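Enquirer: I'd like to go over a predicted model; first the sequence, then the structure.
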Amino acid sequence: MYEYIIGKVTFISPYYIVIETNGIGYQISVGNPYRYSGKTNEKIKIYVHHVIREDAHLLYGFGDLDEKQLFLKLISVSGIGPKSGLAIMASDDHGGLINAIESEDAAYLTRFPGVGKKTAQQMILDLKGKLGELETSDAAVEAMTKRPDTQSVNQSLTEALEALSALGYSEKEIKRITPKLEELGKQPTDEYLRNALKFMMKR
């Protein structure tokens, strides 16, 4: 089983990134692919979780070990699969997620895509008191987002909206926050996406 991969980021899409190492390109699903925009063709270390299905071998990637451990905790909950777990992780507000579980705030948890009342209650039941050892890695996130802005506003916004769709948000939800994103002015894709996820959590 893979623990992490060290290689160069050679491709970024709304759904995944590609890390090339030793002549092999690994397709890795991540919560916010545009986090890595400033790392194209640079060597990075990404922690991975390998899922083997009958029809596919899938890799899910994380910026650090704490992120991976939180993801593994999430997918241990009945009703949360790897795709849903990744969508929950995408907001980067892991402290808010942990606080919601510890305070039994089911309403907050249902704001994540694919999480209904039943799943939210199951998350609280299964995970409350078990996440205290996990720390959030805001420094790692900030380091990844420090990069020059070379994209146009329209292209960056379009990519961010595509990434929201890939995470499981509905067209109606995306249309609701699009005007708010347009009001932000010129932003790189990662900033649009991070702000979009914040707006999604403020229903």
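Expert: Cool, got the structure.

Enquirer: Now do the helices in the protein.
Expert: 65-75, 82-89, 94-102, 106-109, 117-127, 138-145, 153-167, 171-182, 189-200 (DSSP state H).

Enquirer: starting at the chain centroid, how far to the second one?
Expert: A distance of 7 Å separates the centroid of the chain from that of helix 82-89, by CA atoms, centre = their mean, to the nearest Å.

Enquirer: For that helix, name the packing helices and strands.
Expert: Helix 82-89 sits against strand 24-29, strand 57-62, helix 65-75, with contacts defined as 3 or more CB pairs under 8 Å, 6 or more residues apart in numbering; DSSP states H and E. (C-beta placed from N, C-alpha, C; glycine too.)

Enquirer: okay if I get these as JSON lines plus mean neighbour count?
Expert: Formatted as JSON lines, the helices and strands packed on helix 82-89 follow (neighbours: other CB atoms under 10 Å):
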{"stretch": "strand 24-29", "mean neighbour count": "16"}
{"stretch": "strand 57-62", "mean neighbour count": "20"}
{"stretch": "helix 65-75", "mean neighbour count": "19"}
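
Enquirer: since we're on residue 2, how many residues are nearby?
Expert: Applying other CB atoms under 10 Å, we find 10 residues neighbouring residue 2.

Enquirer: want to try CSV for the helices of the chain, with mean pLDDT as columns?
Expert: Below are these laid out as CSV (pLDDT from 0 to 100):
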stretch, mean pLDDT
helix 65-75, 93
helix 82-89, 91
helix 94-102, 88
helix 106-109, 93
helix 117-127, 95
helix 138-145, 41
helix 153-167, 85
helix 171-182, 90
helix 189-200, 90
